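Chemist: Quick check, what structure comes out for this input:
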Amino acid sequence: MPDPSVPYTDLPSTDLTVDVVYEGGPTTGFDHDPIHRIVGTSNRGGFRRRVHCGATVLAVLYANRSRPEWPDTIDAFRGTALYHGDNNRPGRDLHDTTPKGNAFLRDVFREAAGGRQGRERVPLSTLSEN
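Modeler: Coordinates of the predicted model:
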């Protein structure tokens, strides 16, 4: 039996469910990517964030298989991800990326290590694999 799918037009009213295929829009551009239509995040970069009052309240890690030499993997059973991000040029500072995903991740870990008050500022997260 094939995995169920949700058409692009139904995305704003659907829930995220394991093993469901969420169809993209009529073109392949960022605006027709399904994730931001479902959870209201930005639609570019590896860390797609929903921001409220200047704070990230939800982050989606968006991984794909477009670079076989830098394979992103998600292990849903263990709840782990190996994510290489977009900083794949030698000699470039780790946090020097246009979408600032690596800086965002650094800040999340800093907050998580900051006791209860810091952990309360860590956004919710989810994984998405394309």
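Chemist: And the helices in the protein?
Modeler: With DSSP state H, the ranges of helices along the chain come out as 34-39, 101-112, 115-120.
Chemist: okay if I get the ones you listed as TSV plus mean neighbour count and mean pLDDT?
Modeler: The C-beta positions use only the backbone N, C-alpha and C, and glycine is treated the same way. Shown next, in TSV, are the helices of the chain (neighbours: other C-beta atoms under 10 Å; pLDDT from 0 to 100):
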stretch	mean neighbour count	mean pLDDT
helix 34-39	20	87
helix 101-112	16	88
helix 115-120	10	87
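Chemist: can you list the ones you listed in CSV and add distance to Arg65?
Modeler: Formatted as CSV, those follow (distance: least, C-beta to C-beta, whole Å):
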stretch, distance to Arg65
helix 34-39, 16
helix 101-112, 18
helix 115-120, 32
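Chemist: nearest to Leu58, of these?
Modeler: helix 34-39 (6.3 Å; C-beta to C-beta).
Chemist: which residues touch the closest one?
Modeler: Helix 34-39 is contacted by residues 8, 11-12, 14, 16, 22-25, 41-43, 48, 50, 58, 60, 62, 126, 128 when judged by C-beta atoms under 8 Å, 6 or more residues apart in numbering.
Chemist: Is it possible to mark the buried ones in the residues you listed?
Modeler: 11, 22, 24, 41-42, 48, 50, 58, 60, 62, 128 (16 or more other C-beta atoms under 10 Å).
Chemist: Relative to Asp33, which of those residues is nearest.
Modeler: Gly24 (6.0 Å).
Chemist: from memory that closest one sits against Asp31, does it?
Modeler: No - judged on C-beta atoms under 8 Å, Gly24 makes no contact with Asp31 at a distance of 9.8 Å.
Chemist: Excluding sequence neighbours, find me the nearest residue to Phe30.
Modeler: Among residues not flanking Phe30 along the chain, Asn43 sits closest, at 4.7 Å (C-beta to C-beta, 6 or more residues apart in numbering).
Chemist: pLDDT below threshold where in this structure?
Modeler: 1-3, 125-130 (pLDDT under 70).
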